[in-house]
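Visitor: coords below, sequence missing:
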Ligand SMILES: Nc1nc2c(ncn2[C@@H]2O[C@H](COP(=O)(O)OP(=O)(O)OP(=O)(O)O)[C@@H](O)[C@H]2O)c(=O)[nH]1
Ligand SMILES: C[C@H](OP(=O)(O)O)C(=O)O
């Protein structure tokens with residue numbers, strides 16, 4: 001499977017500004033990318049699922065996969081990598097901020113035999129996709145999961161949805177760090193712990209706190 005991983009290394013994860021300064025957000029975004037690439041590599045090497053990854057980055061980045069630098073908007077850039085004619089190989093698009101992703105979760109994404117497979121993100125986004133038909137194009141931001149369903153249906157394409165906690169959890173806001181600390185098994189979870197983050201439960205609410213000492 002060709003897998004495109006969009007990544008914006010400069011000024012990333014602005015919604016985490018309440019808990020991480022810019023240098024921290026840059027470093028943390030990078031650990032999440034590394035986790036996603038490591039899972040793709042495990043799928044290929046250990047589980048017999050051929051994976052051909054490409055990091056589609058807005059700026060140069062040195063990581064464990066081929067990189068194409070493309071500073072266009074996300075939607076425009078991704079659309080250039082989707083199948084253009086019948087018979088082209090399918091393409092998966094997997095976001096770089098899926099800190100809980102596992103090989104099994106991606107196998108679940110690749111499995112359905114639909115023209116378009118959608119893994120919704122919490123909050124209306126589209127965290128991962130598989131596109132098997134040249135008539136589908138992405139339109140990210142806003143309620144993109146709804147837009148992607150509409151685009152597929154208007155083109156007469158079959159759509160499958162993947163019901164996965166791990167694929168639905170993209171890390172956008174401070175509350176998402178709770179999920180990374182509780183369920184993450186990769187570098188991103190380790191990075192957060194080493195940066196002093198931990199989970200606290202107070203008055204029935206679960207949150208993160210940071211011990212900066
Ligand atoms: N290639 C590319 N990737 C992008 C772009 N914008 C975001 N991404 C990546 O797309 C995924 C989803 O990004 P978002 O959560 O929407 O945006 P973000 O910049 O990471 O975070 P915010 O600043 O909080 O919106 C992440 O893997 C980003 O690194 C872009 O313009 N081009
Ligand atoms: C790119 C965007 O990501 P979000 O901002 O929802 O994390 C989307 O999935 O449409």
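Guide: Arrived safely, thanks for sending. Since this is a predicted model, take the numbers as computed values, not measurements. Ligands and ions are numbered 1, 2, ... in the order given.

Visitor: can you show me the strands along this protein?
Guide: For the chain, the strands defined by DSSP state E cover 2-7, 52-57, 67-69, 91-94, 116-120, 126-131, 159-161, 197-202, 205-210.

Visitor: adding mean pLDDT and mean neighbour count, write the ones you listed out as CSV.
Guide: Where you see a C-beta, it was placed from the backbone N, CA and C, and this is true even at glycine. As requested, the strands of the chain are exported to CSV (pLDDT from 0 to 100; neighbours: other CB atoms under 10 Å):
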stretch, mean pLDDT, mean neighbour count
strand 2-7, 98, 23
strand 52-57, 98, 20
strand 67-69, 98, 14
strand 91-94, 98, 23
strand 116-120, 98, 25
strand 126-131, 98, 26
strand 159-161, 98, 15
strand 197-202, 96, 13
strand 205-210, 95, 13
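
Visitor: for the residue nearest the centre of the chain, which residues are in contact?
Guide: The chain has residue 95 as the residue nearest its centroid, 2.2 Å off, counting by CA atoms, centre = their mean. Contacts for residue 95 (CB atoms under 8 Å, 6 or more residues apart in numbering) come out as 5, 6, 36, 121, 127, 128, 170.

Visitor: for residue 92, same thing?
Guide: Counted by CB under 8 Å, 6+ apart, residue 92 has contacts 1, 2, 3, 4, 106, 109, 110, 128, 129, 130, 131.

Visitor: show me what contacts residue 210?
Guide: By CB under 8 Å, 6+ apart, the contact set of residue 210 is 19, 195, 196, 197, 198.

Visitor: isn't residue 37 right next to residue 65, touching?
Guide: Yes. Counting by CB atoms under 8 Å, residue 65 is a contact partner of residue 37 at 5.0 Å.

Visitor: list residues touching both of those two?
Guide: By CB under 8 Å, 6+ apart, residue 37 and residue 65 have these common neighbours: 5, 53, 55.

Visitor: hmm, who's touching stretch 161-174?
Guide: By CB under 8 Å, 6+ apart, stretch 161-174 touches 13, 15-16, 18-19, 32, 95, 97-102, 105, 108-109, 112, 117-123, 125, 127-128, 176-177, 179-180, 183, 188, 207-208.

Visitor: biggest separation within the contacts of residue 92, which pair?
Guide: By the measure CB to CB, 106 and 131 form the most distant pair in the contacts of residue 92, at 15.1 Å.

Visitor: residues from this protein in reach of ligand 2?
Guide: Proximity of the chain to ligand 2 (CB under 6 Å from any ligand atom) is limited to residues 74, 121, 123, 125, 126, 140, 141, 144, 170, 172.

Visitor: near ligand 1 too, which of these?
Guide: Near ligand 1, by the rule CB under 6 Å from any ligand atom, you find 74, 172 out of these.

Visitor: from the residues of the chain next to ligand 2, which is closest to ligand 2?
Guide: The closest of the residues of the chain next to ligand 2 to ligand 2 turns out to be residue 125 (CB to the nearest ligand atom; 2.4 Å).

Visitor: the closest residue in space to the closest one that isn't next to it in sequence: neighbouring residues, count only.
Guide: Nearest residue to residue 125 in three dimensions, chain neighbours excluded: residue 144, at 5.5 Å (CB to CB, 6 or more residues apart in numbering). The number of residues packed near residue 144 is 22, by other CB atoms under 10 Å.
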